[in-house]
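1. Provided below are the primary sequence and the corresponding predicted coordinates.
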Amino acid sequence: MTHDPILFVGGSGIVGRQAARYLRDAHPEAPLLIGGRDLGRASAVAAELRNAEGVAVDLSAPDLGLGDRPVSALALFFKDDAIACLRFAQARGIPYLSISSGVHEIGPEVAAYMHAPNASAVVLGAEWLVGATTVPAMLAAREFSTIDSVRISAIIDDEDVGGAATDADMERLTRTMPAALTVEDGDYLWRTGDGAQTSVIALDGTRMPADVFSPYDVLVLANETRARDVEFRLAVGESSSRRRGEPLSTEIIVDLSGTDLAGQPLQVRQAVVHPGGQMPLTGLGVAMVMERLAGLQNQAVGVGLYFPFQLVDPETYQRRLEAIGGSILPLQG
């Protein structure tokens, strides 16, 4: 089957390159366009991938500077304040994924979708590391009949360099996020100031200072599990593996509490880890979502508004995670 190329806008950055490589490994024949403001840099990345081409992207142009070049789906790796890429995707009727907007920045993309709901599939991709929390959590949730609380503790090593776009996203989100969204006793609440200060326990048992944070995972997990308490905590510092004298890692500890299928109390704790840090997990999530959007894996996605976890099969995700060196570790309650 012949496919039009998949466009990665910002594909020459660290996350974009990672996602493109994972997509290439899974689908060697899928054509890719690596888009960026620097054509030379985009072309250099494309040359590493096979069946890929670098293109210059102009966000000020309605056609992004691509003319009538065909595109099957678009992934965006940085914050597009003018939502130019989304408007391009809607005009072309192609699926769109962005991974940078915070929960408090959701308005422009949602409004654009609401004004053209039949134009294309729109994926709000800023779940933590594009599904690395939500997909494994929902797999673990199958053991429960009811879930009362969900607590996520994410740890980024302070030496885990994410590239210019990722660093800009984190700086913007920590500066502009007015408060942190949580669910407490069934109510959606925003925590500020000292109320947003907390701590996490890393895999090696070290307690680390943390902030309450609110990626889309809070919305996803609250709606999917119907838990009355949902909280996401983020710590940045030395990871457990580096404290052991090993290379840095990323850690996402998922703690679910409720009742099992027989109605008995149940707590499940697990950790999603990768020795390469946050970028491989983000790249894998983007690659798997784009496979669905472009119709490379299973049936193509219809028009609608989605989160990544809705498009990713949990068992397949776990296999692909293990194939790239990551793992899901069971922990004691």
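-> In hand now; what should we look at?

2. quick one: low-confidence ranges for the stretch 201-333 of the chain?
-> For the stretch 201-333 of the chain, the stretches flagged by pLDDT under 70 are 333.

3. Check which helices and strands the longest helix belonging to the chain sits against.
-> Of all the segments assigned as helix in the chain under DSSP state H, the longest by residue count is helix 278-293. Packing partners of helix 278-293 (3 or more Cβ pairs under 8 Å, 6 or more residues apart in numbering; DSSP states H and E): helix 14-26, strand 73-76, strand 96-98, strand 121-124, helix 163-176, strand 265-274, helix 314-323. Where C-beta positions appear, they are placed from N, C-alpha and C, glycine not excepted.

4. Try it again at 6 Å.
-> helix 14-26, strand 73-76 (3 or more Cβ pairs under 6 Å, 6 or more residues apart in numbering; DSSP states H and E).

5. Relative to residue 60, which of the ones you listed is closest?
-> strand 73-76 (15.4 Å; Cβ to Cβ).

6. Quick one: distance of that closest one to the chain centre.
-> How far strand 73-76 lies from its chain's middle: 13 Å, per Cα atoms, centre = their mean, to the nearest Å.

7. And stretch 220-229, by the same measure?
-> 18 Å.

8. which other residues reach that stretch?
-> For stretch 220-229, the external contacting residues (Cβ atoms under 6 Å, 6 or more residues apart in numbering) are 134, 141, 147-150, 183, 185-186, 230, 307, 309.

9. how does it look with 8 Å?
-> Applying Cβ atoms under 8 Å, 6 or more residues apart in numbering, the external contacts of stretch 220-229 come out as 127, 134, 137-138, 141, 144, 146-152, 182-186, 188, 230, 256, 258, 307, 309.

10. quick check: angle from the longest helix of the chain to helix 314-323?
-> If you take axes from the mean of the first three to the mean of the last three Cα atoms, to 10 degrees, helix 278-293 sits at 140 degrees to helix 314-323.

11. ok, and the closest non-adjacent residue to residue 316?
-> residue 288 (7.4 Å; Cβ to Cβ, 6 or more residues apart in numbering).

12. same thing with residue 242?
-> Residue 242 sits nearest to residue 248 (Cβ to Cβ, 6+ apart), 4.9 Å away.
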